[in-house]
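Visitor: generate a structure from the sequence data that follows.
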Amino acid sequence: MIDVLVVDDDFHVAEINAAYVSQVSGFRVTGRAHTAAQALATLERTPVDLVLLDHYLPDENGLALVRRLRQLGHRIDVIMVTAARDVGTIQDAMRSGALQYLVKPFGFSGLRTKLDGYAALRRTVEGVGGRGEAGQEQVDRIFGAFRTAESPHTELPKGQLGRDRRPDPPCPGHGRAPAVRPRGRRMRRCQPLHGPALSQAPRTQRPHHPDPEVRGHRAPRTPLPMGGHPLTGPRPSPAGSPGASKPRGRRRRWPPPRHGSGRRPPPRLPIMNPTTPSGTDPEPDILDALQLAADPERATDFAEAAHRILADLVSGGAPLGWADPPGRAEVAELVDRVLRAAHLGDGALRAAYTGRRLVGLGYWLRYARPTNRQHADLEKIAVASEAHGRGLGRSLTSALVEDAQGAGIEVLTLDARADNTRALTLYRSLGFREYGRLPDFVAMGGRRYDKVFYMLDFRGNGRHDEESPHPQ
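Guide: Numbers count the residues shown, from 1 in each chain. Sure, this is the predicted structure:
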């Protein structure tokens with residue numbers, strides 16, 4: 001068993017890296033550290049075989065820590081796991097003795113590849129005699145162990161899956177995963193299933209059609225019956241109406257025009273909502289912290305109204321981070337902290353009002369650590385039960401995303417319970433991507449839920465893997 005110490009200044013990233021390591025056979029995590037001093041103290045107490053080391057630590061950079069370890073006589077292997085991309089840092093890592101260098105963001109497969117290569121290196125060294133002498137052929141085997149473990153697999157015949165080749169993901173809305181597409185054949189795409197967000201996506205991101213009879217060739221068009229539909233079948237035609245029995249030909253308007261008029265029937269009038277003269281609820285106002293402070297009445301009642309919404313949602317089982325409904329004092333303290341952060345530029349608050357009634361709120365805060373001040377965490381989005389289904393969650397989140405961009409935030413993160421599917425779908429539609437998951441991490445009412453981590457990278461210069469990446 002290979003013992004691993006995970007060193008990263010971000011608590012979330014350290015937990016995710018540790019969870020990834022635990023999923024690789026032959027490896028186990030024996031400790032976590034968030035500073036260079038903690039890492040040294042842990043290594044003095046507990047010897048390990050491998051250190052996954054971040055470069056940006058609050059008290060000392062990772063390469064300086066590697067050099068100190070060598071000076072203290074620690075014979076420990078190091079794999080750098082960092083967002084530092086400059087060539088100088090990479091060269092310094094090589095000269096300091098780092099075995100590998102993994103650039104964030106990365107997915108589980110990226111880390112697994114490095115760990116598999118490290119395990120292959122250890123097996124090769126043990127196979128040629130451990131600490132004994134080695135000939136040139138054995139030296140070449142040792143230095144080539146990483147390259148052999150990380151080399152791509154030979155291409156398999158068409159239609160067969162290799163160890164690292166996976167079928168296409170399931171098509172949204174159909175639930176079945178399509179088979180691997182043979183080369184040289186075009187595939188028909190699914191029609192947009194989820195509104196304009198999917199229809200406007202690049203063609204390479206649109207899902208493949210799940211029906212095996214449609215894949216690989218263009219299916220013949222089957223004419224529908226007059227006025228028919230592929231799911232519900234033909235519409236009933238009145239007895240004796242012209243064209244009722246014709247399967248082909250010009251489609252007739254349904255229902256037919258009134259005799260002698262030649263006009264379409266008048267459209268149905270919408271059912272009016274008695275609360276508003278237009279039949280629809282009034283458009284909510286999305287206020288920021290300054291606009292809220294400029295209205296003394298709303299500012300005075302905001303904490304009480306926020307408590308009403310949060311306590312009601314938590315009582316109904318909403319995943320907002322509380323097991324029991326929060327008290328008024330706790331919510332008042334939270335509101336005060338968020339408002340102060342917003343006025344200092346360290347956060348943003350958005351409040352949704354229908355008339356004078358608060359119906360939703362959300363906020364983000366900058367990370368407190370000096371090395372992470374350029375990033376922020378979207379901590380809560382809450383919409384009152386009576387306002388669900390009106391798109392307030394999207395309006396609040398979109399406004400907070402715009403605030404983050406305006407404040408120069410580089411990466412906006414959030415975490416959520418995996419069963420909160422509606423919220424996760426909303427976040428994905430706004431550009432957030434999953435970068436980690438902790439299985440069975442959240443305990444609620446005797447049940448366990450996964451905790452998922454999402455990110456929205458505003459920098460636009462990072463490498464976006466197809467798999468779940470890490471933030472900085």
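
Visitor: which stretches of the stretch 51-200 of the chain form helices?
Guide: Remark: helices assigned in the stretch 51-200 of the chain by DSSP state H, counting those that start in this stretch are 62-71, 87-96, 108-127, 136-143, 145-150, 196-199.

Visitor: looking at those helices, which is closest to residue 422?
Guide: helix 196-199 (14.5 Å; Cβ to Cβ). For the C-beta atoms, the positions are set from N, CA and C on the backbone; glycine is no exception.

Visitor: for residue 4, find the nearest of the helices of the stretch 51-200 of the chain.
Guide: Closest among the helices of the stretch 51-200 of the chain, using Cβ to Cβ: helix 108-127, at 8.3 Å.

Visitor: dump the helices of the stretch 51-200 of the chain to JSON lines, plus mean neighbour count, mean pLDDT and distance to residue 345.
Guide: Shown next, in JSON lines, are those (neighbours: other Cβ atoms under 10 Å; pLDDT from 0 to 100; distance: least, Cβ to Cβ, whole Å):
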{"stretch": "helix 62-71", "mean neighbour count": "18", "mean pLDDT": "88", "distance to residue 345": "30"}
{"stretch": "helix 87-96", "mean neighbour count": "14", "mean pLDDT": "87", "distance to residue 345": "30"}
{"stretch": "helix 108-127", "mean neighbour count": "18", "mean pLDDT": "85", "distance to residue 345": "35"}
{"stretch": "helix 136-143", "mean neighbour count": "12", "mean pLDDT": "68", "distance to residue 345": "51"}
{"stretch": "helix 145-150", "mean neighbour count": "15", "mean pLDDT": "55", "distance to residue 345": "44"}
{"stretch": "helix 196-199", "mean neighbour count": "12", "mean pLDDT": "41", "distance to residue 345": "31"}
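
Visitor: of the ones you listed, which approaches residue 458 most closely?
Guide: Using Cβ to Cβ, the nearest of those to residue 458 is helix 196-199, at 18.5 Å.

Visitor: the closest one: what's the following helix or strand?
Guide: strand 285-288 (DSSP states H and E).

Visitor: check which residues of that following strand are buried.
Guide: Residues 286, 287, 288 are the ones in strand 285-288 that count as buried (16 or more other Cβ atoms under 10 Å).

Visitor: CA-only coordinates of whichever helix or strand comes after that strand in PDB, if you can.
Guide: Remark: after strand 285-288, the chain's next helix or strand is helix 289-293, criterion DSSP H and E. Below are the C-alpha coordinates for helix 289-293, written out as PDB (Å, rounded to 0.1, in the frame of the first residue of the first chain):
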ATOM      1  CA  ALA A 289     -27.200  45.800  -1.600                       C
ATOM      2  CA  LEU A 290     -26.900  49.500  -2.500                       C
ATOM      3  CA  GLN A 291     -30.500  49.600  -3.800                       C
ATOM      4  CA  LEU A 292     -31.700  47.800  -0.700                       C
ATOM      5  CA  ALA A 293     -29.900  50.200   1.600                       C
END
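
Visitor: which elements pack onto helix 289-293?
Guide: Under the contact criterion of 3 or more Cβ pairs under 8 Å, 6 or more residues apart in numbering; DSSP states H and E, helix 289-293 touches helix 296-315, helix 328-343, strand 347-354.

Visitor: now do 10 Å
Guide: Packed against helix 289-293 by the contact rule (3 or more Cβ pairs under 10 Å, 6 or more residues apart in numbering; DSSP states H and E) you find helix 296-315, helix 328-343, strand 347-354, strand 357-366.

Visitor: mean pLDDT and distance to residue 69 added to the ones you listed, as JSON lines?
Guide: As requested, those are arranged in JSON lines below (pLDDT from 0 to 100; distance: least, Cβ to Cβ, whole Å):
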{"stretch": "helix 296-315", "mean pLDDT": "90", "distance to residue 69": "47"}
{"stretch": "helix 328-343", "mean pLDDT": "87", "distance to residue 69": "38"}
{"stretch": "strand 347-354", "mean pLDDT": "94", "distance to residue 69": "38"}
{"stretch": "strand 357-366", "mean pLDDT": "94", "distance to residue 69": "32"}
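
Visitor: wait, which of the ones you listed is closest to residue 91?
Guide: So among those, strand 357-366 is nearest, using Cβ to Cβ, at 32.5 Å.

Visitor: how far off helix 328-343 does the closest one point, in degrees?
Guide: 60 degrees (axes from the mean of the first three to the mean of the last three Cα atoms, to 10 degrees).

Visitor: returning to what we had before: out of the helices and strands packed on helix 289-293, nearest to residue 399?
Guide: Here strand 347-354 is closest among the helices and strands packed on helix 289-293 (Cβ to Cβ), at 4.8 Å.

Visitor: partners of the closest one in the sheet?
Guide: strand 285-288 (antiparallel), strand 357-366 (antiparallel) (DSSP bridges).

Visitor: which of the ones you listed sits most buried?
Guide: strand 357-366 (a mean of 23; mean count of other Cβ atoms under 10 Å).

Visitor: next SSE after that one?
Guide: Next along the chain from strand 357-366, counting by DSSP H and E, comes strand 376-383.

Visitor: may I see the buried residues of whichever helix or strand comes after that next one?
Guide: Downstream of strand 376-383, the next assigned helix or strand under DSSP H and E is helix 392-406. With burial defined by 16+ other Cβ under 10 Å, the residues of helix 392-406 counted as buried are 392, 393, 395, 396, 397, 399, 400, 401, 403, 404.

Visitor: looking at these, spot the one nearest residue 75.
Guide: When the buried residues of helix 392-406 are ranked by distance to residue 75 (Cβ to Cβ), residue 404 comes first, at 44.8 Å.

Visitor: how far away is that closest one from residue 61?
Guide: 27 Å (Cβ to Cβ, to the nearest Å).

Visitor: pLDDT value on residue 324, please?
Guide: At residue 324, the predicted lDDT confidence score is 86.
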